[in-house]
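**Student:** return a 3D structure for these sequence lines:
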Amino acid sequence: MEIISYVLEGALEHKDSLGNGTVIRPGDVQRMSAGTGILHSEFNPSKVDPVHFLQMWIIPDRAGLPPSYEQKAFPIEERRGRLRLVAGPDNRGSTITVHQDARLFVANLEVSERVVHEIERGRGIWLQLARGIVTVNGTEMREGDGAAVEDEPALAIEADTGAELLLFDLG
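**Tutor:** Residues are numbered from 1 along each chain as shown. Next up, the predicted model:
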């Protein structure tokens, strides 16, 4: 599995049998490929502060990959008011590599901010609203809602409140 972790609040500590030991904070994206096998643990390093995070599991495009780990920070300035590509199949140096035809974008929107994502023919979208309320192609979504979208030329996302979202563009 390709396991992607995204922290919304607090911190998440990661340790694994490859020797990686990191703390993931809001704005960080972590990808761990379980591959042919890895031991790992994730836990809240704080005894008083809660952690709130999302974790997505994606089946890789091929079997037998060696286990691997990658983490990058994406400051709020890079995500504010726009869809920021944070993960994809081709490492562009500024993204996390995912071993699948999938691209992950994140955005933080203020009230009335709008972003549009063009959808290539034959691709699907999974939109996960992490915080706030948005209107997507005329349909309201609230915090925690997810939507699968197919056969649309584009998604127009407008924030009704401050919002944070993850958009998966899937082949």
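
**Student:** G122 and D101, how far apart?
**Tutor:** Counting by C-beta to C-beta, to the nearest Å, the gap from G122 to D101 is 11 Å. Glycine gets a C-beta too; all of them are placed from N, C-alpha and C.

**Student:** same deal with F43?
**Tutor:** Distance, F43 to D101, by C-beta to C-beta: 32 Å.

**Student:** between G122 and D101, which one's more packed in?
**Tutor:** Legend: neighbour count by other C-beta atoms under 10 Å for G122 and D101, higher for D101 (12 against 8).

**Student:** my guess is the more buried one contacts F168, does it?
**Tutor:** No: using C-beta atoms under 8 Å as the test, D101 is too far from F168 to be in contact (10.9 Å).

**Student:** which strand or helix spans L166?
**Tutor:** Assigned by DSSP states H and E, L166 belongs to strand 163-170.

**Student:** where's that strand relative to the chain centroid, distance-wise?
**Tutor:** Using C-alpha atoms, centre = their mean, to the nearest Å, the mean C-alpha position of strand 163-170 is found 7 Å from that of the whole chain.

**Student:** buried stuff in that strand?
**Tutor:** By neighbour count on 16 or more other C-beta atoms under 10 Å, the buried set for strand 163-170 is A163, E164, L165, L166, L167, F168, D169.

**Student:** phi, psi of the nearest residue to D169 once chain neighbours are set aside?
**Tutor:** Nearest residue to D169, sequence neighbours excluded (C-beta to C-beta, 6 or more residues apart in numbering): R103, at 4.4 Å. Backbone geometry at R103, expressed as degrees, to the nearest 10, gives phi -130, psi 130.
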